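1. I'd like to go over a predicted model; first the sequence, then the structure.
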Amino acid sequence: MTRVQTVQTQPAAVSVCGVSLAYGTGVQRRTILAQMSFEVAAGEFLCLVGPSGCGKTTLLRVLAGLARPDAGQVLVDGVAISGPSRDRAIVFQDYSRALLPWRTVAGNVALGLEGAHGGDAARAIEARVAELLQTMSLAHVARHYPRQLSGGMQQRVQIARCLAQAPRLLLMDEPFGALDALTRQSLQDEVARLARAEGKTVVFITHDLEEAIYLGDRVIALAANPGRIEAEVAVEIPRPRHQLETREDARFLALRHQLFGLLAGH
Amino acid sequence: MSQRVVILERLASGWRGLVVPCVILLVWEALACTGQLPPDTLPAPSRIGAAGFGALLDGSILLATGQTLLAALGGLVLAALLGVLGGVALALSPRVARVVGPSVEAMRPVPAVALMPLALLVFGFGLSMEVAVVAFACVWPVLVMTTAAVRGIEPRLLDVARVLEMGAGARLVRIIVPAALARIGVGLRLSMGIALVVAVTVEIAIDPRGLGFQLMTAQQSLRPDLMYAWLAWIGIIGWGLNRLLARVGTAGDAS
């Protein structure tokens, strides 16, 4: 019964090697990603920040294995990926479309566990779902349907489902972009805490510079047309971070100035 | 308490709807009794009621209704199975759509009742012939709605299925069918309406069984009273089925 709970996952290390991708043909052909290369250390929280149209989402789909690059490859622990995997969970921005409207909150979280275990795992799944709902403060809405919840709560459900699949790499595509400021801040703190507690490697995409600095161990700034790496900075602010103090920290402000100048330079 | 008032009001308005038919029946009865109406074409409502009661007592109503509903239901179930499976295949496989799609489009406009002679040759008289014609008529709404529903599934859900490494079976059972179910239900409702019409039509035209055949027999044996009784009963069955569909429909929309 404890089989599911004792699954211990080591965070994955990721190498992106010369990834290029273009859509369309002929004169319409547009390069989305140009020769992109970077590394993500095991257990690292990496934020990618960039303007719209810089290929952030496409890059994340390549990392998830949902899109295939025209050139280059993605290595996870030194092994080239060939498609999607339960090892790499992805939190989509449009939470309302990524949840199953006909399943309850608990049922949506259970989706991440189904099929990964033997036939006698029903009770183990139930226990793990209860645990995840507790972790994401969703226990009181376990029997609700997604449409009955606020946006922030729906995004919590999606994060819980992604944690349920026991990934070694957590990919997040502007997960809080559609939420109000207060909800966003509390979810930022929760994701930062979870990433540390559960030992996940995280690649987090955002267009919000402050969010990137606040969450990241490292921030990579992207430029658009074609999508490429513009700058890369390490965030040397100790954890746990705080919404007020961290954002007033001299190092935070210095990074903000530096990256703002880079991103605004285009 | 207010709910009780609403129910009473609804009942009252329901009764108001019966005023017109009741008046017509009374006038009709009065005219027939005074010999103002030709009894061969417009027998008195009381005679029609007596004939219907007789048919009820000798069991022919029960038998014929069972035969017709079984044929309609059998054809509908067959159509639902073929329509859902075919629709999923058409929507998911571009190859199936290319190879089978044009044939489907060519067969769809063929009136189902025009296939009665063919069905008779293949199956002979009886249930299977009737089921075949009903199924042919009912399969198209289900097929078309299923194809559209599966093609219209939120692509994000298919991404989720891929990331969770679902096989084809799991994807079908956990994502595709539940996501398409509401619109498949619309197709089924359309087909349920068609099923009874086609079943009775087949019985009137060729198959010597069921409600349609009883209707024709009564007419040909110069029993207009009995014929009207069957007609009224077929109307009641159709009305009841329609009410059932409407109820199923609103329940489906609410979920």
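-> The structure has been received and is ready for your questions.

2. Where do the strands of the chain begin and end?
-> Chain wasn't specified; assuming chain A. Per DSSP state E, chain A carries strands over the ranges A:14-23, A:30-40, A:45-49, A:71-76, A:79-80, A:88-91, A:169-173, A:201-206, A:218-223, A:228-234.

3. hm, I was asking about chain B
-> Using DSSP E, strands in chain B do not occur.

4. what sits against the residue in the stretch 1-150 of chain B that chain A sits nearest to?
-> In the stretch 1-150 of chain B, the residue that lies nearest chain A is residue B:149 (13.3 Å; C-beta to the nearest C-beta). Bear in mind the C-beta positions are built from the backbone N, C-alpha and C, glycine included. Contact analysis of residue B:149 by C-beta atoms under 8 Å, 6 or more residues apart in numbering or on different chains lists B:87, B:91, B:179-184.

5. Can you add pLDDT and give those back as a markdown table?
-> Listed next are the contacts of residue B:149 as a markdown table, based on pLDDT from 0 to 100:
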| residue | pLDDT |
| --- | --- |
| B:87 | 94 |
| B:91 | 93 |
| B:179 | 92 |
| B:180 | 92 |
| B:181 | 88 |
| B:182 | 84 |
| B:183 | 87 |
| B:184 | 89 |
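
6. Filter these down to the buried ones.
-> When burial is judged by neighbour count using 16 or more other C-beta atoms under 10 Å in any protein chain shown, the buried members of these are B:87, B:91, B:179-180, B:183-184.

7. From those residues, pick the one nearest residue A:184.
-> residue B:179 (29.3 Å; C-beta to C-beta).

8. tally of neighbours for residue A:127?
-> 15 (other C-beta atoms under 10 Å in any protein chain shown).

9. Report the spatially nearest residue to the residue in the stretch 151-266 of chain A positioned nearest to chain B, omitting neighbours in sequence.
-> Per C-beta to the nearest C-beta, residue A:165 is where the stretch 151-266 of chain A lies closest to chain B, at 6.2 Å. Distances taken as C-beta to C-beta, 6 or more residues apart in numbering or on different chains place residue A:112 nearest to residue A:165, at 4.1 Å, with adjacent residues excluded.

10. ok, that neighbour touching residue B:164?
-> Yes - here residue A:112 reaches residue B:164: they are 6.7 Å apart, a contact under C-beta atoms under 8 Å.

11. what do these two both touch?
-> residue A:165.

12. overlap between the contacts of residue B:149 and the residues near chain A?
-> Among the contacts of residue B:149, the ones lying near chain A by C-beta under 8 Å from any C-beta of the partner chain are B:179, B:181.

13. Filter the contacts of residue B:149 down to the ones in helices?
-> Mapping the contacts of residue B:149 onto helices (DSSP state H) picks out B:87, B:91, B:179-184.

14. Farthest-apart pair in those residues, please.
-> Greatest spatial distance among these (C-beta to C-beta): B:91 and B:182, at 15.3 Å.

15. Contact residues of the stretch 151-255 of chain B facing chain A?
-> B:154, B:156-157, B:159-160, B:162-167, B:170, B:174-175, B:178-179, B:181, B:255.

16. List the ones among these that fall in helices.
-> Applying DSSP H to those, the entries found in helices are B:156-157, B:159-160, B:162-163, B:170, B:178-179, B:181.

17. tell me the contacts of the residue of chain B most remote from its centre?
-> The C-alpha centroid of chain B is most remote from residue B:163, which lies 41.9 Å away (C-alpha atoms, centre = their mean). Shown in contact with residue B:163 (C-beta under 8 Å, 6+ apart): A:64-66, A:84-86, A:88-90, A:165.

18. Let me have those in TSV, adding pLDDT and neighbour count as columns.
-> Putting the contacts of residue B:163 into TSV (pLDDT from 0 to 100; neighbours: other C-beta atoms under 10 Å in any protein chain shown) gives the following:
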residue	pLDDT	neighbour count
A:64	95	24
A:65	95	20
A:66	95	18
A:84	94	20
A:85	92	19
A:86	92	17
A:88	94	25
A:89	95	26
A:90	96	27
A:165	91	24
